[in-house]
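Colleague: heads up, no residue letters with this:
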């Protein structure tokens, strides 16, 4: 039973947390799913368990900043 719970936790729960959650986040916003995946998979490597939650947020903020930066100026000259 312990081996079954270990396999269940590593495969099923990890898949739901790292695949389904970024898809749901990207559906609720105008954020590309691939960037949500990168944030969900890359940040835990760098920041540990806090990175699971912090990674997609940091990637989303950087994405929005880049979009605003490359947006043409709308101010009159």
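Modeller: Looks like it came in fine. All values reported here derive from a predicted model rather than from experimental measurement. Numbering: from 1, shown residues only.

Colleague: What are the boundaries of the helices in this protein?
Modeller: Per DSSP state H, the chain carries helices over the ranges 2-7, 14-15, 21-28, 33-47, 49-70.

Colleague: and these as a markdown table, adding mean neighbour count and mean pLDDT?
Modeller: All C-beta spots, glycine's among them, are computed from the backbone N, C-alpha and C. Compiled in a markdown table, those are given as follows (neighbours: other C-beta atoms under 10 Å; pLDDT from 0 to 100):
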| stretch | mean neighbour count | mean pLDDT |
| --- | --- | --- |
| helix 2-7 | 8 | 89 |
| helix 14-15 | 10 | 77 |
| helix 21-28 | 15 | 69 |
| helix 33-47 | 17 | 79 |
| helix 49-70 | 14 | 83 |
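
Colleague: any idea how far residue 13 is from residue 65?
Modeller: For residue 13, the distance to residue 65 (C-beta to C-beta, to the nearest Å) stands at 33 Å.

Colleague: my bad, should have said residue 55
Modeller: Separation of residue 55 from residue 65 (C-beta to C-beta) stands at 16 Å.

Colleague: same check, this time on residue 4
Modeller: As judged by C-beta to C-beta, residue 4 and residue 65 stand 45 Å apart.

Colleague: And residue 35, by the same measure?
Modeller: Distance, residue 35 to residue 65, using C-beta to C-beta: 13 Å.

Colleague: try residue 1
Modeller: For residue 1 relative to residue 65 (C-beta to C-beta), the value is 49 Å.

Colleague: Check residue 43 too.
Modeller: Residue 43 is 17 Å from residue 65, where distance means C-beta to C-beta.

Colleague: Now for residue 65: which residues touch it?
Modeller: By C-beta atoms under 8 Å, 6 or more residues apart in numbering, no residues touch residue 65.

Colleague: Much appreciated, bye for now.
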